[in-house]
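Asker: Show me how the following folds:
(one chain, ligands or ions: 1)
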Amino acid sequence: MRRFLATTFATALFATGVVGCSGAADTTTAAPSEDKSNTKVLNLYSSRHYDADKEVYKMFEEETGIKLNVVEGKSGELIERVTREANNPEADVFLTVGAESISQLNDAGVIADSTSETIANNIPEKYRGENWMGIVSRARVIAYNKDTVDPSTIKTYEDITKPEWKGKVLARSSSSSYNQALLASFVALDGQEKATEWAQGVVDNFAREPKGNDRDQAKAVAAGEGDLAIMNSYYWALMNRSSDPEVAKVTEKVGMIFPEKTHLNLSYASVLKGAKNKDNAIKFLEFLSSEKTQEFIAQENGEFPLNPKTGLPEPQKSWGEFTTQDLDFSTFGKDKPEATRIFDQVGWK
Ligand code: FE
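Answerer: Numbers count the residues shown, from 1 in each chain. Predicted coordinates:
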């Protein structure tokens, strides 16, 4: 897939160059490809980076005949790029992760109305905003050691701050956007004071200095370095199906607790303002919101679908029903600077 996408993008760039340089002189050859590219192309920027997405792109191309040109990059870099290109946008659609990205895109004024009747039918209002549509979500939950922890004793995020867990809690660094979004959600819902109390309580219970990524927290729980850890459930799902038996074995020892008011981190899709292939952009968002695509991503990437008609695959189904925070996904990202300040204050490195 990687090769295929790279090839199509290179071809498209080349074609654009040819039309731009010699279109007037050689209209007989340039015109058809120009026509074609105007109607059958979609330019996509994405800060998601999963094999499942590449498959989804391929499925979309096969179903619609619309050729996708994909540029993957880090969220901040791509946001900077679309802001720079605002007067003459090169991309039609932007896929990104995390509430802070969508508030930055809205602040920059570079995204446009991203809905249609089909999208409104597929994705609940809570997961749509002005200028964006939620694609899928991942839950930030509590990993626990099955041998040493009775999961019924942990019902909330606050529970991991209790004194009985002193020296037992593992977390990654506060520079993680996932941790920043989690704390920002507490600021948005419970206020700065309670959010600070929670962060301080976690720091007081640290088993070690924060380090590693989400997967490393699960590995550390399995290795007995701590009993509890904060991580995204989709990594558990990806580890569970890993072809590396050592990685898969971790999930035998580590369970997932979905606390009351579980924090969800959304992936977002937006049509860019002034998109040259707007109709194709909406078609792509509709495709992403469809049961078929949602089910595929949930299956392949361990995330949660947002289209409620979509069936849940395993292991998500085995985790059962859980409640989620009542967040405004358009705006809570604005509390990220406050979250960063709190992390510094409590010494969460
Ligand atoms: Fe991730």
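Asker: Can you show me the helices along the stretch 151-300 of the chain?
Answerer: In the stretch 151-300 of the chain, the helices defined using DSSP state H, counting those that start in this stretch lie at 177-190, 192-204, 214-222, 233-240, 245-253, 278-289, 291-301.
Asker: The stretch 1-150 of the chain: helices as residue ranges?
Answerer: So, for the stretch 1-150 of the chain - with DSSP H, counting those that start in this stretch - the helices run 2-22, 27-39, 51-64, 75-84, 99-108, 117-122.
Asker: In stretch 176-195, which residues are buried?
Answerer: Within stretch 176-195, the residues scored as buried using 16 or more other C-beta atoms under 10 Å are 176-189, 195. Backbone N, C-alpha and C define where each C-beta goes, glycine included.
Asker: what pLDDT, on average, does that stretch get?
Answerer: What stretch 176-195 shows for mean pLDDT is 96.
Asker: From the buried residues of stretch 176-195, pick the one nearest residue 275.
Answerer: Closest approach to residue 275 among these (C-beta to C-beta): residue 177, at 26.0 Å.
Asker: so who does that closest one touch?
Answerer: 75, 97, 98, 100 (C-beta atoms under 8 Å, 6 or more residues apart in numbering).
Asker: So the second one is in contact with residue 301, correct?
Answerer: No - with contacts counted by C-beta atoms under 8 Å, residue 97 stays clear of residue 301, the gap being 11.7 Å.
Asker: Quick check on the two: which one has the bigger neighbour count.
Answerer: residue 97 (23 against 20; other C-beta atoms under 10 Å).
Asker: Which residue lies closest in space to the more buried one, excluding its sequence neighbours?
Answerer: In space, residue 97 comes closest to residue 267 once its chain neighbours are excluded; the distance is 5.0 Å by C-beta to C-beta, 6 or more residues apart in numbering.
Asker: can you pull the contacts of the one you found?
Answerer: 48, 95, 96, 97, 134, 135, 136, 137, 303.
Asker: repeat for residue 228
Answerer: 142, 143, 144, 145, 149, 154, 160, 165, 168, 169, 170, 221.
Asker: Next, the buried residues of stretch 297-316.
Answerer: Neighbour count says stretch 297-316 has 297-307, 310, 313, 315-316 buried, by 16+ other C-beta under 10 Å.
Asker: ditto for stretch 244-259
Answerer: Those would be 247, 250, 251, 253, 254, 255, 256, 257, 258, 259, for stretch 244-259 by 16+ other C-beta under 10 Å.
Asker: how far away is residue 147 from residue 237?
Answerer: Residue 147 sits 21 Å away from residue 237, going by C-beta to C-beta, to the nearest Å.
Asker: meant to ask about residue 76, not that
Answerer: For residue 76, the distance to residue 237 - C-beta to C-beta - is 27 Å.
Asker: Please identify which of those two sits among more neighbours.
Answerer: Neighbours per residue (other C-beta under 10 Å) separate residue 76 from residue 237, with residue 237 holding more: 24 against 13.
Asker: Could you report the distance from the closest residue in space to that one that isn't next to it in sequence to residue 199?
Answerer: Leaving aside its chain neighbours, residue 237 sits nearest to residue 302 (2.6 Å; criterion: C-beta to C-beta, 6+ apart). As judged by C-beta to C-beta, residue 302 and residue 199 stand 27 Å apart.
Asker: where does residue 333 land on pLDDT?
Answerer: On pLDDT, residue 333 comes in at 86.
Asker: you'd agree it is up against residue 107?
Answerer: No - here residue 333 does not reach residue 107: they are 9.8 Å apart, not a contact under C-beta under 8 Å.
Asker: Would you mind giving the orientation angle of the one helix or strand residue 342 maps to with respect to helix 192-204?
Answerer: Element membership for residue 342 (DSSP states H and E) is helix 336-346. Helix 336-346 runs at 50 degrees relative to helix 192-204, counting by axes from the mean of the first three to the mean of the last three C-alpha atoms, to 10 degrees.
Asker: what comes into contact with helix 336-346?
Answerer: 99-100, 174, 179-181, 183-184, 187, 192, 195-196, 199-200, 203.
Asker: ok, so of these, who is nearest residue 279?
Answerer: residue 99 (28.0 Å).
Asker: How many residues are close by residue 224?
Answerer: By other C-beta under 10 Å, 12 other residues sit near residue 224.
Asker: what sits against the closest residue to it other than its chain neighbours?
Answerer: Nearest non-adjacent residue to residue 224, counting by C-beta to C-beta, 6+ apart: residue 145, 7.2 Å away. By C-beta under 8 Å, 6+ apart, residue 145 lies in contact with 221, 222, 224, 226, 227, 228, 253, 254.
Asker: Select the longest strand from the protein.
Answerer: For the chain, the longest strand by residue count, based on DSSP state E, is strand 132-145.
Asker: Quick check: chain neighbours aside, which residue is closest to residue 265?
Answerer: residue 138 (5.1 Å).
Asker: burial count for the one you found?
Answerer: Counted with other C-beta under 10 Å, residues neighbouring residue 138 total 23.
Asker: just residue 199 next, same as before
Answerer: The burial count for residue 199: 26, using other C-beta under 10 Å.
Asker: same thing with the one 10 residues further on?
Answerer: By the criterion of other C-beta under 10 Å, residue 209 has 10 neighbours.
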